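Trainee: my questions concern the predicted model and sequence given below.
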Amino acid sequence: MSIKPLVILPDPLLRQVSKPVERFDADLRKFSTDMLDTMYDAPGIGLAAIQVGEPLRMLVIDLSKEDEPRAPQIFINPQVLASSDDRNIYEEGCLSIPDYYAEVERPATVRVSYFDIEGKQQEVAADGLLATCLQHEIDHLNGVLFIDHISRLKREMVVKKFKKLAKDRPPSRLAV
C-alpha cells in the first residue's frame with residue numbers, strides 16, 4: 001500500500017491536460033493500486049492520476065457505501081462518447097479542493113469508452129452518481145476543475161482562499 005500526496009489547488013499541475021496511457025504493464029497495475037489506496041485513505045469516491053502528480057489519462061472510482069464491500073473501478077484513457085440533454089445537479093467536492101462543496105449541473109447520463117487495467121477496450125453507460133463522478137474525473141484529465149462549473153464570483157473566492165492557504169503550508173508534492 002502506497003499513499004500518494006494529493007495535489008492541492010492552486011497548484012498549476014491541476015490545469016495540465018493529461019497524456020494517454022500507452023503501456024499496460026505491472027507498473028500501471030501498481031500505480032492503479034496506489035491510486036485506489038490514496039482515494040480510500042483521503043477518503044473519496046474518485047481520483048484522477050493528475051491529482052497525485054501523474055499527468056496520465058487514468059482515473060479510479062469506487063461508489064460503494066461504507067457498509068458495503070469495496071467495488072473499485074479503473075478507467076484508462078476514458079472518453080465521453082455521448083451525453084444526455086437531461087441534466088442532474090449534485091453537490092460535488094474534490095480531494096484537490098479540500099472541504100469545499102458546490103452544486104454542479106451536468107448531463108444526467110453519459111456513455112464512456114475506456115480501457116481496463118488489462119488493456120481491453122470497454123464501454124459503460126452511466127447515470128446518477130456514476131455519470132457525475134466520471135464527468136468530474138474526466139474533467140481533471142483535461143485540466144478542468146468542478147469549480148469551473150460554478151459562477152465566476154464563487155470560483156474566484158475559492159481560488160483566492162486556496163492561494164492564501166498555500167502560502168501557509170509546505171509543498172504538497174515533490175516536483176514533477
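Mentor: Good, I have the coordinates. As the structure is a computational prediction, the values presented were derived from the model and not from experiment. Numbering: from 1, shown residues only.
Trainee: quick check on residue 57: phi, psi?
Mentor: Residue 57 has phi and psi values of phi -80, psi 80 when expressed as degrees, to the nearest 10.
Trainee: and residue 165, by the same measure?
Mentor: Dihedral angles for residue 165 - degrees, to the nearest 10 - are phi -60, psi -30.
Trainee: and the gap between it and residue 57?
Mentor: 29 Å (Cβ to Cβ, to the nearest Å). In this view, the C-beta of every residue, glycine as well, is placed from N, C-alpha and C.
Trainee: residue 43 now?
Mentor: 24 Å.
Trainee: and the two? Which one has more around it.
Mentor: Per other Cβ atoms under 10 Å, whichever of residue 43 and residue 57 has more neighbours is residue 57, with 24 against 10.
Trainee: ok, residue 104 - how many residues close by?
Mentor: By other Cβ under 10 Å, neighbour count at residue 104 equals 19.
Trainee: and if you look at the one 4 residues further on?
Mentor: Residues contacting residue 108 under the criterion other Cβ under 10 Å number 17.
Trainee: I'd say it and residue 131 touch.
Mentor: Yes. The criterion here is Cβ atoms under 8 Å, and residue 108 meets it with residue 131 at 6.5 Å.
Trainee: list residues touching both of the two?
Mentor: Common neighbours of residue 108 and residue 131, counting by Cβ atoms under 8 Å, 6 or more residues apart in numbering, are residue 88.
Trainee: give me the low-pLDDT residue ranges for the chain?
Mentor: Across the chain, the ranges flagged by pLDDT under 70 are 1, 169-176.
Trainee: just the helices in it please.
Mentor: 26-41, 128-141, 152-167 (DSSP state H).
Trainee: what distance separates the shortest one from the middle of the whole chain?
Mentor: Which is helix 128-141. The chain centroid and the centroid of helix 128-141 are separated by 7 Å under Cα atoms, centre = their mean, to the nearest Å.
Trainee: buried residues, it. List them.
Mentor: Neighbour counts over helix 128-141 (16 or more other Cβ atoms under 10 Å) mark 130-141 as buried.
Trainee: and those residues as JSON lines, adding distance to residue 101?
Mentor: Output for the buried residues of helix 128-141, formatted as JSON lines (distance: Cβ to Cβ, whole Å):
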{"residue": "130", "distance to residue 101": "19"}
{"residue": "131", "distance to residue 101": "18"}
{"residue": "132", "distance to residue 101": "13"}
{"residue": "133", "distance to residue 101": "14"}
{"residue": "134", "distance to residue 101": "19"}
{"residue": "135", "distance to residue 101": "16"}
{"residue": "136", "distance to residue 101": "12"}
{"residue": "137", "distance to residue 101": "16"}
{"residue": "138", "distance to residue 101": "20"}
{"residue": "139", "distance to residue 101": "16"}
{"residue": "140", "distance to residue 101": "17"}
{"residue": "141", "distance to residue 101": "22"}
